[in-house]
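[1] please find the sequence and the predicted model below.
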Amino acid sequence: MSDPALAPLFAPLELRGVTLRNRFAMPAMQIGFTENCGPSERMIAYLRARAEGGAGLVFSESCAPDHPSGYWQASFCVLNEQPRPGWERVAQAVKGAGAAFVMQLWHPGAQRVPLEGFAHADAPTLSPSGLVQAERGNGRAMSAAELDDIADAYIRAAEAAKALGADGVELHAAHGYLLDQFLWPETNRRGDGYGGDLLEDRARYPLELARAIRAACGPDFLLSLRFSQFKEVDYGAKVFATPDELERFGRLAREAGIDMLNVSARRFTRPEWPDLDPDLGIAGWTRKLSGLPVMATGSVGLSRDMFADLFENQDPALQIAADLAELARRMQAGEFDIVGIGRMHIANPDFVARVMAGDLDRLRLYSKSVDLAHLFEQIVPGLMEEGRKVEEI
């Protein structure tokens, strides 16, 4: 390693019996290299290249459980028997290149906008309360039977992920999708014990899923949960209004069998509650209050966050050396355990290897032209056009 100051980023880490060779992860991102709702040859090569490039942990693209309400558009994956051989090849390719492999399980909830003619396009769009955000509806609230049916689909998907060779699964409860819609008080107004004002009620469904997956997949299967305060429809949103709420959620997550919290932020350095601590970001607060290993993400190496870049045409500039130094400082201070590198991994398959070699000058600047920004225009039609509250970084 060329820079000893970055040593904390290259230390191995063990999670639920899975040893990561370093602290760099490539988080789940919708690149769209899909075929029949599963991996294409291009996706297999793409994920293998990031593992060969040095990442310690590689996530799949988001995969919906096999339920009619989870089918959205052809660029998204559904985890069922048809694409399973492709995912087996992904797991073999990623793990064969030295990285751990985790599949992310995701459901669009009220953000579902199915295309006509796509599978199950006539199925109902389901969510906790039929809301994308306050006073903005889409679809309808899930019935008690549908809560059970979708939970069963998640469990089957987790069992399938284990059988095909994944080291674990991650529950996507961020960015305003289904499980996040349960956590966010603005989109969860249920009165059946699965929603309302009390955090413990809003968290009940996502954490029941976690507990059921742990029971189904056993003690040696890594279980992560990704959450965010902000939403794609509201940058200023807060699932956890206070540190006390976050601490209670962390305790419940530990009790449910979750091994790691993946904390998605627009910018990893932004203080969450600056009146209480002018420096500590949401990942640092989560590590401090939950006691669980934490993965931090949020515009590492780039001056603009992903959503400002993709939806507001604000091109980022490189700031990789400064961000790496800050990451190492914060990791050494115990603020988080893993760092998710998104857009820089898209632009640079060998990002980790170049960082380790000190070859920062040859890193390619991420831009929308390499991130297939048109994909986002296809998969979220209309949802970003109204009702979104924008907050400066």
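    All right, it came through fine. Numbers count the residues shown, from 1 in each chain.
[2] what is the burial count for Leu13?
    17 (other C-beta atoms under 10 Å). (C-beta placed from N, C-alpha, C; glycine too.)
[3] go ahead and confirm it touches Ala100.
    No. Counting by C-beta atoms under 8 Å, Leu13 stays clear of Ala100, with 9.9 Å between them.
[4] any common contacting residues for these two?
    19-20, 56 (C-beta atoms under 8 Å, 6 or more residues apart in numbering).
[5] could the residues you listed be laid out in CSV, adding neighbour count and secondary structure?
    What follows is the shared contacts of Leu13 and Ala100, written out as CSV (neighbours: other C-beta atoms under 10 Å; DSSP: H, G, I helix; E, B strand; the rest coil):
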residue, neighbour count, secondary structure
Thr19, 11, strand
Leu20, 21, strand
Gly56, 25, coil
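[6] of those residues, which is the nearest to Leu198?
    Leu20 (35.7 Å; C-beta to C-beta).
[7] wait, the closest one sits on Leu57?
    Yes. Counting by C-beta under 8 Å, Leu57 is a contact partner of Leu20 at 5.4 Å.
[8] tell me, what's touching the two both at once?
    Common neighbours of Leu20 and Leu57 (C-beta under 8 Å, 6+ apart) are 100, 338.
[9] quick one, helices of the stretch 101-250 of the chain?
    Ranges of helices in the stretch 101-250 of the chain, per DSSP state H, counting those that start in this stretch, are 144-163, 178-183, 199-202, 204-217, 243-255.
[10] most tightly packed of those helices?
    helix 178-183 (a mean of 27; mean count of other C-beta atoms under 10 Å).
[11] if we can go back for a sec, turn the helices of the stretch 101-250 of the chain into TSV, including distance to Ser2.
    As requested, the helices of the stretch 101-250 of the chain are exported to TSV (distance: least, C-beta to C-beta, whole Å):
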stretch	distance to Ser2
helix 144-163	37
helix 178-183	39
helix 199-202	45
helix 204-217	40
helix 243-255	36
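[12] figure out which of these is closest to His120.
    helix 144-163 (12.4 Å).
[13] now that closest one against helix 204-217, angle please.
    40 degrees (axes from the mean of the first three to the mean of the last three C-alpha atoms, to 10 degrees).
[14] which helices and strands sit right next to helix 144-163?
    If contacts are counted by 3 or more C-beta pairs under 8 Å, 6 or more residues apart in numbering; DSSP states H and E, helix 144-163 sits against strand 63-65, strand 77-79, strand 100-105, strand 168-175, helix 204-217.
[15] which of the ones you listed sits closest to Asp323?
    Closest to Asp323 of the helices and strands packed on helix 144-163 is strand 168-175 (C-beta to C-beta; 21.1 Å).
[16] in that closest one, which residues are buried?
    168-175 (16 or more other C-beta atoms under 10 Å).
[17] low-confidence ranges, the stretch 251-393 of the chain, go.
    Residues of the stretch 251-393 of the chain meeting the criterion pLDDT under 70: 301-317, 366-393.
[18] tell me where it has helices.
    With DSSP H, counting those that start in this stretch as the criterion, the stretch 251-393 of the chain has helices at 282-290, 306-312, 320-332, 343-347, 351-357, 373-379.
[19] got a markdown table for those, with distance to Arg156 and mean neighbour count too?
    Putting these into a markdown table (distance: least, C-beta to C-beta, whole Å; neighbours: other C-beta atoms under 10 Å) gives the following:
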| stretch | distance to Arg156 | mean neighbour count |
| --- | --- | --- |
| helix 282-290 | 28 | 24 |
| helix 306-312 | 31 | 19 |
| helix 320-332 | 36 | 17 |
| helix 343-347 | 30 | 22 |
| helix 351-357 | 33 | 21 |
| helix 373-379 | 24 | 15 |
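[20] ok, which of these comes nearest Gly109?
    With C-beta to C-beta, the closest approach to Gly109 among those belongs to helix 373-379: 14.1 Å.
[21] on that earlier part again, closest to Ala265 out of the buried residues of strand 168-175?
    For these, the nearest to Ala265 is Ala174 (10.0 Å; C-beta to C-beta).
[22] surely the closest one is in contact with Leu261?
    No. In this structure Ala174 lies outside contact range of Leu261 using C-beta under 8 Å: 10.6 Å.
[23] what do the two both touch?
    Residues within reach of Ala174 and of Leu261 at once, by C-beta under 8 Å, 6+ apart, are 226-227.
[24] for the residue of the chain most remote from its centre, which non-adjacent residue is closest in space?
    In the chain, the residue that sits farthest from the middle, by C-alpha atoms, centre = their mean, is Ser2; the gap is 30.5 Å. Nearest residue to Ser2, sequence neighbours excluded (C-beta to C-beta, 6 or more residues apart in numbering): Gly358, at 3.0 Å.
[25] how many neighbours does that neighbour have?
    Other residues near Gly358 come to 12 when the count uses other C-beta under 10 Å.
[26] quick one: it from Pro4, how far?
    Applying C-beta to C-beta, to the nearest Å, the value for Gly358 to Pro4 is 11 Å.
[27] got the phi/psi numbers for the closest residue to Ala91 other than its chain neighbours?
    Among residues not flanking Ala91 along the chain, Gly165 sits closest, at 3.6 Å (C-beta to C-beta, 6+ apart). Backbone torsions for Gly165, taken as degrees, to the nearest 10, come to phi 110, psi 0.
[28] go on, Gln82?
    Dihedral angles (degrees, to the nearest 10) for Gln82: phi -60, psi -50.
[29] I figured it hits Gly38, correct?
    Yes. Gln82 is in contact with Gly38 according to C-beta under 8 Å; the separation is 6.5 Å.
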